[in-house]
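Participant: sequence-free structure coming up:
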């Protein structure tokens, strides 16, 4: 029997880590999609070539990103990170935090007509109700569509965890993709009737 994605064993198998970490009051699924995050995407410092060298690096660079949740404002989060570094960074170093941009989080209300239509389309295509979960993503146009156009926006993907989304070996499971196309056809048909 397939386990639901909030099952801790599921995340251990997907990531290959020996132990999960995070806020104990939240399930692994909530930590992955509904809570704010801070990720180190890359680190550069010192000698990084083959073999060893006794080098004391003069500088280090880390690329980080954060996933925001509703009621967080990107510029405020940036200022909070500066305040944290001012309080915690060693006085023996100099540092700079460069803001490269960001957008607030968005949510699609479950009561929205578009989400109701998509739910029906999923049930029609897959023969069962969809499993809703929050998922991080960087799609700034969604916020603009909601705020400027007052559009009813919904997001859905049709990939599987083993598709390695955004990885160097990303792939799509074609039968799932084909059912996704059929779901979208039903979605637009149902939406057009409303």
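Facilitator: Looks like it came in fine. Not measured: the values here are computed from a predicted model.

Participant: Strands of this protein, residue ranges please.
Facilitator: 37-45, 60-67 (DSSP state E).

Participant: Show me what the last one is packed up against.
Facilitator: So the one you mean is strand 60-67. With contacts taken as 3 or more C-beta pairs under 8 Å, 6 or more residues apart in numbering; DSSP states H and E, strand 60-67 sits against strand 37-45. C-beta coordinates here come from the backbone N, C-alpha and C atoms, glycine included.

Participant: quick one: furthest residue from the center of this protein?
Facilitator: residue 54 (38.2 Å; C-alpha atoms, centre = their mean).

Participant: just the strands of the chain: most buried one?
Facilitator: Stretch with highest mean neighbour count among those: strand 60-67 (a mean of 13; mean count of other C-beta atoms under 10 Å).

Participant: orientation of it relative to strand 37-45 in degrees?
Facilitator: Inter-element angle recorded for strand 60-67 and strand 37-45: 160 degrees (by axes from the mean of the first three to the mean of the last three C-alpha atoms, to 10 degrees).

Participant: Within the sheet, what are the partner strands of strand 60-67, with directions?
Facilitator: Note on strand 60-67: by DSSP bridges, its sheet partners are strand 37-45 (antiparallel).

Participant: Now the strand it pairs with: average pLDDT?
Facilitator: Averaged over strand 37-45, pLDDT sits at 91.

Participant: Show residues contacting that strand.
Facilitator: With C-beta atoms under 8 Å, 6 or more residues apart in numbering as the test, strand 37-45 has contacts from 31, 57, 59, 60, 61, 62, 63, 64, 65, 66, 67, 136.

Participant: Against residue 22, how distant is the first one?
Facilitator: Same thing as residue 31. Distance, residue 31 to residue 22, using C-beta to C-beta, to the nearest Å: 4 Å.

Participant: Neighbour count for the two, which is higher?
Facilitator: More crowded of residue 31 and residue 22, by other C-beta atoms under 10 Å: residue 31, with 19 against 14.
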